[in-house]
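>>> Make a model of this:
(chains A and B)
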Amino acid sequence: MWKITRKDLRIFFIDKKALFLSLLLPIGLITLFAFAFGGVGQDKEEAGTPISVLYSDSDNSASSKKVIADLDNIPGIECIAADTGMAITQIKMGDQIANIVIHNGFEDALNAGINLPLELQFDKSREMEVSILQNLLVSNVAAMKGAKDADKGVDRIMDDMFADLPIKMKDSIRNNLKSGLANEGESEQIIKMTSLVGGTESNWGLIQAVAGTAIMMLLFSVSAIGQGMLDEKENGVLKKLLQSPIMPFEIMFGKMLTAIIIAIFQLSVMFVFSWLAFGLDIFINIYALLIMIIATAVACSSFGVFLSSIVTSKKQSDSLGTIIILFMSAVGGSMIPLYMMPSFMQDAAVISVNYWSIQGFYDIFWRKAGLDAIAQNVVVLMGITTGVLLLSAYFFKRNVLKLT
Amino acid sequence: MLSVQAISKSFKHQKAVNEISFEIQPGMFYGLLGPNGAGKTTTIQIISAIMPPDGGKVLIAGIDVYEQTNKVKMHMGVVPQEIALYDELNALENLLFWGSLYGKTGSDAKRQAAHLLAWVGLEDRQHDAVKTYSGGMKRRVNMASALMHNPTLILMDEPTVGIDPQSRNKIYELLNELKIQGKTILYTTHYMQEAEQMCDKIGIIDKGKIIAEGSLGELSAAHTVADRIIITYIGDPSTVISGYQSTTNIDTREITIVIKDAKHHLSDIVNKCALQGIEIHNIDVRHAGLEAVFLHLTGRQLRD
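The predicted model follows:
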């Protein structure tokens, strides 16, 4: 098997110009997407998907309940009660985007017209959804706070300056003034914003660009290596390989080993480039990163072999491979960040290698999680690899080894 | 050395090989001659253990190739019809790779590769990528790559297809050297001349069956066939030569006389042409060979 791999690696690295171009293309795309995704969410005002938000109401007052109820009544927003500790864990794991923390004394502060003990804990990578949530929350709370402040101010004015007016008239003026004042916006910051995931030193757009693009380009690279089997079939080399004393599956696994080595090389170059060019901290958890690179390389390589085994000619492989890779990349979040997709597409993303790899890299770079956090991604990627390899072996025997 | 016993193979109910049997003794150069689609390549694939037959068996040195496949493969070298080389690699790298599959590595492999490259006359170009070679050069490397492990049995599937006469002659020289070395060779071809010149024994294959087998002499004797005299003439297109049964092609102005022992009739034919005022442009005498045997056996020409 290693003989096949060594020969394929020699062929891959022999054409320096092709090698350079094969690295240049993903680097170019990463650069492009890094700039593009860097600004995602800043100018957006609405989300196309329902947003679920956790809340921890320690105040448990009528006012705090009203804040949550008003928010929950907005179409597309779903409020879920949660323990603060649990909420923080879920946000850090990427399972939830934000937690509204209403601390004790919220209603008292509202009545007193002082700073509200209200906090929004969030995942910065979900910038657009958090921004929408923040606007809605500020708007609701400001209306309540404004109403309370207006009530007190108007009462004081009416009592001081119009004490002699008839009660009916005073009430009418009072109501008009309260209504008008309550509708005025609140410009001061009334919510404490606490980002739980991602700091200023990280750039989620860059992570999205690097991980998403690198994996998509990797799929194209490994699929081209897998196609080598079809080339060999068409030019008679496969037949000659079979006539030699090696096992037929050594040919398939030899190709896969080549693809794994080249994939690890390509991913490593992409991350080193991102470190040098954009300052992506690849040393934040180097062991987790290496494991994730290897798991991604193995999963993508098995996919490349699979693509080549399900077809009977290189032309078929070219067309089908492009369609499947683009589809998987689109669904899996390589092209567009997942949170921008409808929920059914986000659910469908789990079928793709891209999803598990990208989320793994997010865990490492954004959530700064350790090996335990990427364990699930690695296990799923290995599961995909096993399944895909079993199918590949079946189709390899049926399609590639079939001599006529 | 090689015993092929009633092998058959069908593809979608069409018999590509139909109970073929033949024996090749050690050191014999055996030619399997037949037109395209006769079943030559399928036979080679069955013998080389990559296509199990529907029936029959293949023994090499008494060992069934489908029972001890890898053991048998170690003694067998296959020169395929296709140029089965890696274009991006140079000739030396190709040879070392193919040798490595047979356990030939290190200095031993390098020595053998150097020897074979010199043998095929490509030592000067050994470091150039194969994609820069001519068709004939590629064919020679293709042949050398099958000999890296010094096999005792060599299967060659039309190794001279699609190359110029000069390169073909070079390959004939190499084949003769292999023959002198005592290699056992199974050689498929649809070129009669190759079979006539090189083979100790010839099996004529058509539509998946061996229809005749023997040395050239044995085949000619067994299938009493006539020579052909082809006269190209100038003048009246409807010319016939009296006293001889002939066919005339008025488009090409060719008269073909099929006759046994042509050389005894040649002077008489020339005289008759002179008497009849037929102006002869060219006379070509084609002796009965495998072409005639094939024609006799099948009613078709080998190139059809």
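
>>> ok, B:L59 touching B:A6?
No - under the criterion of Cβ atoms under 8 Å, B:L59 is not in contact with B:A6, lying 11.9 Å apart. C-beta: built from backbone N, CA, C; applies to glycine.

>>> who has more neighbours, these two?
Higher neighbour count among B:L59 and B:A6: B:L59, with 16 against 13, using other Cβ atoms under 10 Å in any protein chain shown.

>>> Please name the residues that touch that one.
Neighbouring residues of B:L59 by Cβ atoms under 8 Å, 6 or more residues apart in numbering or on different chains: B:2-3, B:5, B:65.

>>> run the last query once more with 6 Å
Counting by Cβ atoms under 6 Å, 6 or more residues apart in numbering or on different chains, B:L59 touches B:S3.

>>> Then B:L290?
Taking Cβ under 6 Å, 6+ apart, one finds B:192, B:195-196 in contact with B:L290.

>>> Give me the pLDDT value at it.
What the model reports for B:L290 is a pLDDT of 74.

>>> Spatially, which residue comes closest to it, not counting chain neighbours?
B:M192 (4.2 Å; Cβ to Cβ, 6 or more residues apart in numbering or on different chains).

>>> wait, doesn't the one you found sit right on B:E291?
Yes - under the criterion of Cβ atoms under 6 Å, B:M192 is in contact with B:E291, at a separation of 5.0 Å.

>>> Leaving out the residues flanking it, which one is nearest to whichever residue of chain A sits closest to chain B?
As assessed by Cβ to the nearest Cβ, chain B sits closest to A:G236 within chain A, at 2.8 Å. Once flanking residues are discounted, A:G236 sits nearest to B:E82: 2.8 Å by Cβ to Cβ, 6+ apart.

>>> Give me the distance between that neighbour and B:T69.
22 Å (Cβ to Cβ, to the nearest Å).

>>> Quick check: which ranges of chain B have low pLDDT?
B:224-225, B:237-239, B:288, B:301-304 (pLDDT under 70).

>>> Give me the longest helix you can find in it.
helix B:165-180 (DSSP state H).

>>> Now the element after the one helix or strand B:S8 maps to, going C-ward?
Element membership of B:S8 [criterion: DSSP states H and E] is strand B:2-11. For strand B:2-11, the succeeding helix or strand toward the C-terminus, using DSSP H and E, is strand B:14-24.

>>> That next one near chain A at all?
No - using Cβ under 6 Å from any Cβ of the partner chain, no contact is recorded between strand B:14-24 and chain A, whose separation bottoms out at 9.2 Å.

>>> Neighbouring strands - and their directions - for that strand?
Using DSSP bridges, the strands paired with strand B:14-24 in its sheet are strand B:2-11 (antiparallel).

>>> hmm, who's touching the strand it pairs with?
Applying Cβ under 6 Å, 6+ apart, the external contacts of strand B:2-11 come out as B:16-24, B:42, B:46, B:53-60.

>>> same question, stretch B:28-38
With Cβ under 6 Å, 6+ apart, stretch B:28-38 has contacts from B:24, B:40, B:179, B:184-190, B:195, B:198-206, B:302.

>>> tell me the angle the very next helix or strand once past the longest helix of chain B makes with helix B:165-180.
Of the helices and strands lying after helix B:165-180 in sequence (DSSP H and E), the nearest is strand B:184-189. Taking axes from the mean of the first three to the mean of the last three Cα atoms, to 10 degrees, strand B:184-189 and helix B:165-180 form an angle of 150 degrees between their directions.

>>> The next helix or strand after strand B:184-189: which residues count as buried?
Next along the chain after strand B:184-189, taking DSSP H and E as the criterion, comes helix B:192-198. Within helix B:192-198, the residues that count as buried by 16 or more other Cβ atoms under 10 Å in any protein chain shown are B:192, B:194-196, B:198.

>>> Also stretch A:256-274?
Residues A:256-268, A:270-271, A:273-274 are the ones in stretch A:256-274 that count as buried (16+ other Cβ under 10 Å).

>>> Repeat that for stretch B:35-52.
Residues of stretch B:35-52 classed as buried by neighbour count (16+ other Cβ under 10 Å): B:35, B:38-51.

>>> hmm, back to that, the residue nearest to A:G236 in helix, strand or coil?
Counting by DSSP: H, G, I helix; E, B strand; the rest coil, the backbone at B:E82 sits in coil.

>>> in chain B, which residue is closest to the centre?
Among the residues of chain B, the one closest to the centroid is B:T189, at 2.4 Å (Cα atoms, centre = their mean).

>>> what residues go with each domain of chain A?
A:2-38+A:202-400, A:51-197 (automatic domain parsing).

>>> average pLDDT for the last one?
Looking back up the chat, that one is domain A:51-197. 76.

>>> for the longest one, same thing?
Model confidence over domain A:2-38+A:202-400 averages 85 on the pLDDT scale.

>>> residues in contact with the closest residue to B:R139 other than its chain neighbours?
Nearest residue to B:R139, sequence neighbours excluded (Cβ to Cβ, 6+ apart): B:I163, at 5.5 Å. Residues counted as contacts of B:I163 (Cβ under 6 Å, 6+ apart) are B:135-136, B:139.

>>> Alright, calling it a day.
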